[in-house]
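Chemist: I would like the atomic coordinates for the input below:
(one chain, ligands or ions: 2)
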Amino acid sequence: MKVLVIGSGGREHAIVRALLSDSSVHELHAAPGNAGIDGLIPTHQIDPQDPAEVTELARRLDSDLVVIGPEAPLISGVSDALREAGFPVFGPSREAAALEGSKAFAKGIMAEASVPTAMAKVASDIMEAGEALDALGAPYVVKDDGLAAGKGVVVTRDRDYALAHAQACFDGGGQVLIEEFLDGPEVSLFVICDGSTVVPLAPAQDFKRIFDGDEGPNTGGMGAYSPLEWIPEGLVQEVIDRVAQPVVDQMAHHGTPFIGVLYCGLALTSRGIRVIEFNARFGDPETQAVLARLRTPLGALLMASAKGQLAEVGPVRWAPETAVAVVLAAEGYPERPRTGDRLRGVRKAEQLEGVKVLQAGTSLDEQGKLVSSGGRVLSVVGLGTDLVDARERAYAGIELIELDGSQYRRDIAAKAAWGTIDVPAASARPENRG
Ligand code: AMP
Ligand code: GLY
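Modeler: Numbers count the residues shown, from 1 in each chain. Ligands and ions are numbered 1, 2, ... in the order given. Model (predicted):
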């Protein structure tokens with residue numbers, strides 16, 4: 001089959017690599033891609049958020065399947081335009097992508113489907129925000145209702161800071177969600193959906209904050225690993241039964257079937273599992289770790305989702321190894337990333353055994369040299385026999401890469417490798433999970 005991948009991040013580089021190892025994929029294109037993707041397959045410089053441009057490209061390439069990586073094209077209706085033109089698409093419609101695009105919409109669906117999540121209040125002005133903060137108490141959680149690339153959330157004990165974030169969201173013309181604070185470790189579970197059937201991938205954990213020890217502001221994600229040895233037995237099935245299947249059924253009931261990947265962001269709290277958020281696409285950088293272990297051909301899986309045939313697909317198969325992805329970010333990320341700096345050592349890092357470099361914010365300058373062009377520049381994925389081994393490989397790789405002023409976390413997957421993640425009892429034992 002001929003596949004077109006939309007997007008330009010590390011996630012899309014990982015998807016492209018996985019599709020290249022699927023023998024049923026005969027032709028692969030990406031738009032717009034990045035320097036890493038461009039080294040592997042033809043890329044096309046179009047606006048990935050423009051439904052007409054993407055549809056025109058799919059027509060020109062005679063694509064059998066279009067895979068949409070990021071959220072922005074989903075929200076701008078690219079999948080709808082493609083479906084109308086008759087293309088099978090991996091990625092939800094604009095209406096179904098509201099599960100990610102509007103946190104208030106997601107809360108509504110969860111309420112209808114009795115899915116466990118944080119208590120929340122919607123506020124449209126500073127008075128309402130203040131009342132909601134006081135009703136729910138500290139630590140305060142304030143979320144921009146719309147899309148904010150993982151950066152619209154503030155978690156703080158400082159009431160003034162919480163209010164200032166709410167005000168900034170109002171100034172931007174939006175509303176905010178004030179939420180109950182969820183304690184306990186986080187899990188990202190990707191669930192492939194075809195509108196009715198759901199198929200889980202291996203769980204991963206993401207590291208959202210910029211600095212070691214989970215300090216500093218939230219980012220799009222600074223690292224990830226998969227699988228999770230420490231999660232309670234039966235957790236994936238519980239998430240399917242209590243979260244993914246009810247949400248997919250509810251979306252179908254609304255006449256907006258969810259086709260694509262439902263990213264369930266979960267907290268294992270002292271009161272049981274809770275949904276933190278949904279995304280309507282693969283997570284970045286979790287995908288870089290998750291797909292590094294995938295043995296099932298990815299193209300066939302995504303095509304089954306697009307065509308409503310997931311019920312005919314067997315369980316997903318995985319390599320026994322563990323994968324760790326560490327993100328290299330530009331100086332100034334997440335606030336004001338500096339771009340245009342020379343990158344060196346990528347090829348050297350890739351020569352290490354069990355090491356892959358997945359590029360994100362990279363491009364070639366006029367001399368054809370690799371330079372940074374975004375906040376998260378690349379991620380280095382180590383595949384090893386266990387977490388300790390995979391971490392060593394990933395860090396050996398990233399140490400070979402030079403980028404002026406760049407930053408990366410040294411503690412990705414460290415707690416899990418040392419066995420010091422605490423799962424609250426209520427989330428650890430099935431009979432307690434309320
Ligand atoms: P989101 O954009 O909703 O995924 O939030 C980004 C990050 O903020 C999450 O991964 C959590 O680390 C944190 N966060 C979001 N909501 C809550 C909550 N209710 N309680 C505690 N932490 C949260
Ligand atoms: N890694 C978090 C996200 O993709 O939203």
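Chemist: may I have the least confident helix or strand in the chain by mean pLDDT as CSV, with CA atoms only?
Modeler: The least trusted helix or strand in the chain, going by mean pLDDT, DSSP states H and E, turns out to be helix 425-428, with a mean of 84. C-alpha atoms of helix 425-428 as CSV (Å, rounded to 0.1, in the frame of the first residue of the first chain):
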residue,chain,number,x,y,z
ALA,A,425,-3.0,1.1,47.3
ALA,A,426,-6.3,2.2,45.8
SER,A,427,-4.8,2.0,42.3
ALA,A,428,-2.7,-1.1,43.0
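Chemist: so what does it touch, helix or strand wise?
Modeler: strand 259-269, strand 272-279 (3 or more Cβ pairs under 8 Å, 6 or more residues apart in numbering; DSSP states H and E). Where you see a C-beta, it was placed from the backbone N, CA and C, and this is true even at glycine.
Chemist: may I see those arranged in CSV, with mean neighbour count as well?
Modeler: What follows is the helices and strands packed on helix 425-428, written out as CSV (neighbours: other Cβ atoms under 10 Å):
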stretch, mean neighbour count
strand 259-269, 24
strand 272-279, 22
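Chemist: make a markdown table out of those and add mean pLDDT and distance to ligand 2.
Modeler: Listed next are the helices and strands packed on helix 425-428 as a markdown table, based on pLDDT from 0 to 100; distance: least, Cβ to the nearest ligand atom, whole Å:
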| stretch | mean pLDDT | distance to ligand 2 |
| --- | --- | --- |
| strand 259-269 | 97 | 7 |
| strand 272-279 | 96 | 5 |
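Chemist: would you turn those strands into a markdown table with distance to residue 304?
Modeler: Compiled in a markdown table, these are given as follows (distance: least, Cβ to Cβ, whole Å):
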| stretch | distance to residue 304 |
| --- | --- |
| strand 259-269 | 11 |
| strand 272-279 | 21 |
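Chemist: how much space separates the residue nearest the centre of the chain from ligand 2?
Modeler: Most central in the chain under Cα atoms, centre = their mean is residue 283, positioned 1.1 Å from the mean C-alpha point. Separation of residue 283 from ligand 2 (Cβ to the nearest ligand atom, to the nearest Å): 3 Å.
Chemist: test my guess that that residue contacts residue 186.
Modeler: No - the criterion here is Cβ atoms under 8 Å, and residue 283 misses it with residue 186 at 11.2 Å.
Chemist: shared neighbours of these two, which are they?
Modeler: Common neighbours of residue 283 and residue 186 (criterion: Cβ atoms under 8 Å, 6 or more residues apart in numbering): 206, 265.
Chemist: could you tell me which residues of the stretch 251-400 of the chain lie near ligand 2?
Modeler: Proximity of the stretch 251-400 of the chain to ligand 2, by Cβ under 6 Å from any ligand atom, involves residues 279, 283, 284, 286.
Chemist: columns secondary structure and distance to residue 19 on top of the residues you listed, output as a markdown table?
Modeler: Listed next are these as a markdown table, based on DSSP: H, G, I helix; E, B strand; the rest coil; distance: Cβ to Cβ, whole Å:
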| residue | secondary structure | distance to residue 19 |
| --- | --- | --- |
| 279 | strand | 21 |
| 283 | coil | 18 |
| 284 | coil | 16 |
| 286 | helix | 18 |
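Chemist: export the residues you listed to JSON lines and tack on distance to ligand 1?
Modeler: Below are these laid out as JSON lines (distance: Cβ to the nearest ligand atom, whole Å):
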{"residue": "279", "distance to ligand 1": "8"}
{"residue": "283", "distance to ligand 1": "10"}
{"residue": "284", "distance to ligand 1": "12"}
{"residue": "286", "distance to ligand 1": "11"}
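Chemist: pLDDT of the host helix or strand of residue 349, averaged?
Modeler: For residue 349, the element it lies in under DSSP states H and E is helix 346-350. What helix 346-350 shows for mean pLDDT is 97.
Chemist: buried stuff in that helix?
Modeler: Going by neighbour count (16 or more other Cβ atoms under 10 Å), the buried part of helix 346-350 is 346, 349.
Chemist: what do you get for stretch 172-192?
Modeler: The neighbour-count check on stretch 172-192 (16+ other Cβ under 10 Å) flags 174-182, 184-192 as buried.
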